[in-house]
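A.B. asks: sharing a sequence plus its predicted fold:
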Amino acid sequence: MLNVTIIGASGYSGAELASLIAKHPNFSLAGCFVSEQSLDKGKLLSDLYPEHASLLDTLLLPLNEQAFADIEAKADFVCLCTDHKVSVELAPKFLATGKKVFDLSGGFRLKNPQDYDSFYGFTHQSPTWLAQAEYGLAEWNAKGISQAQLVAVAGCYPTAALNGLKPLKQADLLADDTIIVNAVSGVTGAGRKANIGTQFCEVSLAPYGLFNHRHTPEISQYLGHSVLFTPHLGNFARGILETIYVKLKPGVSEHQVNEAFQVLADEPLIRLKGNKQMPSIKGVAKQPYVDIGWQVQGEQLIVVVAIDNLLKGAAGQALQCMNIAALLPAELGLKGVS
Ligand SMILES: NC(=O)C1=CN([C@@H]2O[C@H](COP(=O)(O)OP(=O)(O)OC[C@H]3O[C@@H](n4cnc5c(N)ncnc54)[C@H](OP(=O)(O)O)[C@@H]3O)[C@@H](O)[C@H]2O)C=CC1
Ligand SMILES: CC(=O)N[C@@H](CCC(=O)OP(=O)(O)O)C(=O)O
């Protein structure tokens, strides 16, 4: 058994990951931590998430000096389910003790440190680790993930966009035009802490982050193509649906598009729908899959991708990365999770 420690375990992605680890045949939950000042320290995880009663009757511990010593002694893998800036501060401490770190935040995803000033609003304090981090997009970087000490688990919106677009890029079917990615996310995407914009009475369906959302450079960097990405917040709890408008190179046929997607056909957590059934939030909520549908009309292609933001968009993909690092099947402990 490998011991997994979760920092930020009381949050939405941390609790989701804790429940996956608790059910996993090869991993054991070695500690669930919150900040030293947390109002939730000393509570059980199942006090916050009653749906996990008996599975997660696990104490939430403050991340103090004693905790660092305990984690150094016990953990094989450390998962950071914390804000980007917190992850950038914490990751080097665990890496210095030889731990393998899986960071669910965006703190180590972008290769250009200046992008952190522009898109994240802070100056990156750990450029050396930033340069060494491997991108945790499970289906596309298994070798890098298996060798890295620090895995920057891919962002939620980028996971959907990249799985829908990389097959086409790889097959060289994309015209040079900017690709338009319109996305809608459920409210758990914004995290658990109170925020006026995510309150029940405030949420409807509205765009945000026009032109400057931090996932724009993440998608562009790992696709190698310019994108115009616009996220929207929707009034449902979990799931992401993206509608992606693509211009194909002149002469590209529907058959070539269908063939390009076959690169993902044998991936156990990808479901290719083609034009037979468009992906939906209902089809993926609480599921570990990426659903991909598409339709071609002349040189215009529309790709529709759906994922659960907390599973494939966060904890599920983090578990895939840990499985890969442990030389286990990537999907172990993920099918039939709900
Ligand atoms: N929600 C989602 O759909 C996705 C989230 N992510 C990323 O995962 C990360 C976590 O997101 P999410 O679960 O939504 O966030 P939440 O706000 O729900 O949870 C954050 C967690 O971090 C803890 N925390 C805060 N400060 C510290 C600290 N200094 N030391 C230790 N723990 C701390 C919080 O507890 P407390 O404040 O009580 O200490 C809480 O447990 C973020 O970087 C996010 O961008 C990635 C993909 C999707
Ligand atoms: C609805 C909502 O607010 N979503 C978040 C994205 C989810 C997330 O936490 O982003 P990472 O995948 O980069 O970690 C946002 O737009 O900031």
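C.D. replies: Sure thing, it's come through. Ligands and ions are numbered 1, 2, ... in the order given.

A.B. asks: residue boundaries of the helices in this structure?
C.D. replies: Applying DSSP state H to the chain gives helices spanning 12-23, 45-48, 65-74, 84-96, 114-115, 127-132, 142-147, 156-170, 215-223, 254-261, 281-284, 316-325.

A.B. asks: so the fifth one, near ligand 2 or not?
C.D. replies: No - residues of helix 114-115 contacting ligand 2 under Cβ under 6 Å from any ligand atom: none, with a closest distance of 12.8 Å. Bear in mind the C-beta positions are built from the backbone N, C-alpha and C, glycine included.

A.B. asks: tell me what that helix is packed against?
C.D. replies: Helices and strands touching helix 114-115, by 3 or more Cβ pairs under 8 Å, 6 or more residues apart in numbering; DSSP states H and E: there are none.

A.B. asks: I'd like the average pLDDT over that helix.
C.D. replies: For helix 114-115, mean pLDDT is 97.

A.B. asks: quick one: it to chain centroid distance?
C.D. replies: Offset of helix 114-115 from its chain centre (Cα atoms, centre = their mean, to the nearest Å): 21 Å.

A.B. asks: CSV for the helices of the chain, including mean neighbour count and distance to Gly239?
C.D. replies: Converted to CSV, the helices of the chain look like this (neighbours: other Cβ atoms under 10 Å; distance: least, Cβ to Cβ, whole Å):
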stretch, mean neighbour count, distance to Gly239
helix 12-23, 25, 13
helix 45-48, 19, 21
helix 65-74, 14, 33
helix 84-96, 19, 22
helix 114-115, 14, 27
helix 127-132, 14, 30
helix 142-147, 15, 25
helix 156-170, 25, 10
helix 215-223, 22, 16
helix 254-261, 16, 21
helix 281-284, 18, 4
helix 316-325, 28, 13
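
A.B. asks: of the ones you listed, which is nearest Gly186?
C.D. replies: Closest to Gly186 of the helices of the chain is helix 281-284 (Cβ to Cβ; 7.3 Å).

A.B. asks: which residues does that closest one contact?
C.D. replies: Outside of helix 281-284, the residues within contact range by Cβ atoms under 8 Å, 6 or more residues apart in numbering are 186, 236, 239-241, 290-291, 306-308, 312.

A.B. asks: let me have those residues in CSV, adding neighbour count, distance to Met322 and pLDDT as columns.
C.D. replies: Listed next are those as CSV, based on neighbours: other Cβ atoms under 10 Å; distance: Cβ to Cβ, whole Å; pLDDT from 0 to 100:
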residue, neighbour count, distance to Met322, pLDDT
Gly186, 22, 24, 98
Phe236, 17, 28, 97
Gly239, 27, 23, 98
Ile240, 26, 22, 98
Leu241, 24, 27, 98
Val290, 28, 18, 98
Asp291, 25, 23, 98
Ala306, 28, 24, 99
Ile307, 34, 18, 98
Asp308, 28, 18, 98
Lys312, 28, 14, 98
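
A.B. asks: related to what we said a few turns ago, would a markdown table of the helices of the chain with distance to Asn195 be doable?
C.D. replies: Output for the helices of the chain, formatted as a markdown table (distance: least, Cβ to Cβ, whole Å):
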| stretch | distance to Asn195 |
| --- | --- |
| helix 12-23 | 13 |
| helix 45-48 | 17 |
| helix 65-74 | 27 |
| helix 84-96 | 16 |
| helix 114-115 | 24 |
| helix 127-132 | 28 |
| helix 142-147 | 32 |
| helix 156-170 | 17 |
| helix 215-223 | 19 |
| helix 254-261 | 37 |
| helix 281-284 | 21 |
| helix 316-325 | 23 |
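
A.B. asks: out of the contacts of helix 281-284, which is nearest to His52?
C.D. replies: Set against His52, the nearest of the contacts of helix 281-284 by Cβ to Cβ is Asp308 (16.7 Å).

A.B. asks: could you pull up phi and psi at that closest one?
C.D. replies: Main-chain dihedrals, Asp308, degrees, to the nearest 10: phi -90, psi 120.

A.B. asks: show me what contacts it?
C.D. replies: By Cβ under 8 Å, 6+ apart, the contact set of Asp308 is 238-240, 284-288, 316.

A.B. asks: repeat that for Ile244.
C.D. replies: By Cβ under 8 Å, 6+ apart, Ile244 lies in contact with 161, 164-165, 179-182, 302-305.

A.B. asks: please pick the buried ones from those.
C.D. replies: Buried residues within the contacts of Ile244, counting neighbours by 16 or more other Cβ atoms under 10 Å: 161, 164-165, 179, 181, 302-305.

A.B. asks: let me have these in a markdown table, extended by distance to Ala154.
C.D. replies: Output for the buried ones among the contacts of Ile244, formatted as a markdown table (distance: Cβ to Cβ, whole Å):
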| residue | distance to Ala154 |
| --- | --- |
| Ala161 | 10 |
| Gly164 | 13 |
| Leu165 | 13 |
| Ile179 | 17 |
| Val181 | 15 |
| Ile302 | 23 |
| Val303 | 17 |
| Val304 | 19 |
| Val305 | 13 |
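
A.B. asks: go back to those residues and keep what's next to ligand 1.
C.D. replies: Okay, of these, nothing touches ligand 1 (Cβ under 6 Å from any ligand atom).

A.B. asks: any idea which of those residues is closest to ligand 1?
C.D. replies: When these are compared for distance to ligand 1 (Cβ to the nearest ligand atom), Ala161 comes out closest, at 13.4 Å.

A.B. asks: that older thread, looking at the contacts of Ile244, which is nearest Gly224?
C.D. replies: In terms of Cβ to Cβ, no member of the contacts of Ile244 lies closer to Gly224 than Leu165, at 9.9 Å.
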